[in-house]
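In: Kindly generate the corresponding structure for this input.
(one chain, ligands or ions: 1)
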Amino acid sequence: MEAYDLVIVGGGPVGLFAATLARLHGLATCVLESLPAFGGQLYALYPEKPIYDVAGFTGITGKDLAQQLYAQATHWGPTLYANQAVQRIARRPDGAGFEVETPDRRYQARSLLITVGLGAFVPRPLPADNAERFRDRGVYYLLPPLDTFRDQRVLVVGGGDTALDWTLALAPRAREVKLVHRRPQFRGQAESLRQIQAAPNVTIHTPYELVRVEGDDAVRQVVVREVTSRAEAAWPVDAVVSGLGFLPSLGPVKEWGLALDGQALVVDPATMQTNQPGIYAAGDGVHYPGKVKLIATGFGEVGIAMAQIRHYLDPSKHGLPHSTTLKTLPQPAPPQPS
Ligand SMILES: Cc1cc2nc3c(=O)[nH]c(=O)nc-3n(C[C@H](O)[C@H](O)[C@H](O)COP(=O)(O)OP(=O)(O)OC[C@H]3O[C@@H](n4cnc5c(N)ncnc54)[C@H](O)[C@@H]3O)c2cc1C
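Out: As a prediction, the model looks like this:
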């Protein structure tokens, strides 16, 4: 079983930055991420949206920030594993830290940092026949690389920011995009809607709902219904993208014996420790009075947590030295593909 000083559960922006800090301060560190790629919400929910309030950038898209954080973390050589959804954590009976279990592996950790954010991204299911049959083969709940849609006819479903953002992201690549929403009004930002209305290859259809996805080895067409008249129509499409959003679900995290406030782990903001010694948490997945769900806040929480984790692992160590004063740095790892 692989053994680490620190196992970080969740490879979103906060978990990735935590991996950088942990390695800079000499901890053998591993990050376990349930999705196939790192970056959390930046990667999964708004890859193409510019972010304006991350220190050091006048504006950076979610995808680019995720890539920068990944490159920074991998530079210092933590072990990063994707497709590793942590199901269970348990204190070892001999008291030597914890065991962490995913469906196919087990890890040993002297300490844990939980950075699971919103938890597992559980998409709201598309209420349409056959959608499940084509999942990830023409029906998408998370955007794959946008080049997947080059020259395709794409149907986007939904009326909130996710649907509008994804329509805008797809328009420059796809041959045509049809946006359907079952209500006459959209909930997303007016500016996004204005840009969509101006895009020459996007058409908006309201109030319409998706009834059925049809195809053979690939999606060939969809059947949609005009909500008022109930009239149905078949449209040829190559792909369907659900912008119906995600249901927050901490999933297995709820079973780990950690104190919760709703969907968030309760921590002491002075230490970022949970109710269990040796288990710390940071980022969107934590709650304390005054908590603000921002990337910047998560980064700050990681600094606090890392000082405490160092002290927990070696009580002679206090605080967190400036990186500029570190006498030994970890050996940089060769660049890894993102
Ligand atoms: C549309 C949108 C726009 C936003 N705009 C901004 C903005 O402008 N500025 C800003 O500061 N913030 C913004 N945010 C918020 C920001 O994205 C979050 O604060 C940030 O992503 C939190 O990072 P995190 O690492 O804590 O959690 P997440 O990004 O949610 O990452 C958590 C990771 O943990 C993984 N995970 C969950 N459970 C497990 C498990 N059991 N095992 C292994 N892995 C697990 C998840 O797959 C995920 O990758 C925005 C959010 C959204 C949705």
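In: which residues touch residue 80?
Out: 11, 19, 30-31, 33, 38, 70, 73-74, 336 (Cβ atoms under 8 Å, 6 or more residues apart in numbering). Placement of C-beta: from N, CA and C, glycine included.
In: For the ligand, see how far away it is.
Out: The spacing between residue 80 and the ligand, counted by Cβ to the nearest ligand atom, to the nearest Å, is 12 Å.
In: follow-up on the earlier one: show the buried residues in the contacts of residue 80.
Out: Among the contacts of residue 80, the ones that count as buried by 16 or more other Cβ atoms under 10 Å are 11, 19, 30-31, 33, 38, 70, 73-74.
In: picking up where we left off before, which one of the contacts of residue 80 is nearest to residue 241?
Out: Distance to residue 241, by Cβ to Cβ, is smallest for residue 38 among the contacts of residue 80, at 21.8 Å.
In: check contacts around the closest one.
Out: So residue 38 contacts 11-12, 15-16, 31, 66, 69-70, 80, 82 (Cβ under 8 Å, 6+ apart).
In: Of these, which pair is most distant in space?
Out: The distance between the two most remote of the contacts of residue 38 (Cβ to Cβ) is 14.2 Å, for 69 and 82.
In: Identify the spatial nearest neighbour of residue 255, chain neighbours not counted.
Out: The shortest distance from residue 255 to any non-neighbouring residue, by Cβ to Cβ, 6 or more residues apart in numbering, is to residue 88 (7.2 Å).
In: That neighbour and the ligand, how far apart?
Out: For residue 88, the distance to the ligand - Cβ to the nearest ligand atom - is 9 Å.
In: Could you double-check that that residue sits in contact with residue 253?
Out: No - using Cβ atoms under 8 Å, residue 88 is not in contact with residue 253, being 10.1 Å away.
In: Who has more neighbours out of these two?
Out: Taking other Cβ atoms under 10 Å, residue 88 and residue 253 do not tie; residue 253 has more neighbours (23 against 12).
In: OK, contacts around the more buried one?
Out: Contacts for residue 253 (Cβ under 8 Å, 6+ apart) come out as 114, 116, 119, 265, 285.
In: now do 6 Å
Out: For residue 253, the contact set (Cβ atoms under 6 Å, 6 or more residues apart in numbering) comprises residue 116.
In: Now do the same for it: helix, strand or coil?
Out: helix (DSSP: H, G, I helix; E, B strand; the rest coil).
In: Ok, the one 5 residues further on next?
Out: Assigned by three-state DSSP, the conformation of residue 258 is coil.
In: Name the nearest residue to it, ignoring sequence neighbours.
Out: Using Cβ to Cβ, 6+ apart, the closest residue to residue 258 is residue 274 (4.8 Å).
In: Looking at residue 69 and residue 82, which one has more neighbours?
Out: residue 69 (26 against 13).
In: next structured bit after the helix or strand encompassing that one?
Out: Using DSSP states H and E, residue 69 sits in helix 62-75. Per DSSP H and E, the first helix or strand lying C-terminal to helix 62-75 is strand 79-81.
In: how about the CA coordinates for the helix or strand that that next one is followed by, as CSV?
Out: Counting by DSSP H and E, the next helix or strand C-terminal to strand 79-81 is strand 88-91. C-alpha atoms of strand 88-91 as CSV (Å, rounded to 0.1, in the frame of the first residue of the first chain):
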residue,chain,number,x,y,z
ARG,A,88,-13.9,5.5,2.7
ILE,A,89,-11.4,6.8,5.2
ALA,A,90,-10.7,5.1,8.5
ARG,A,91,-8.2,5.6,11.4
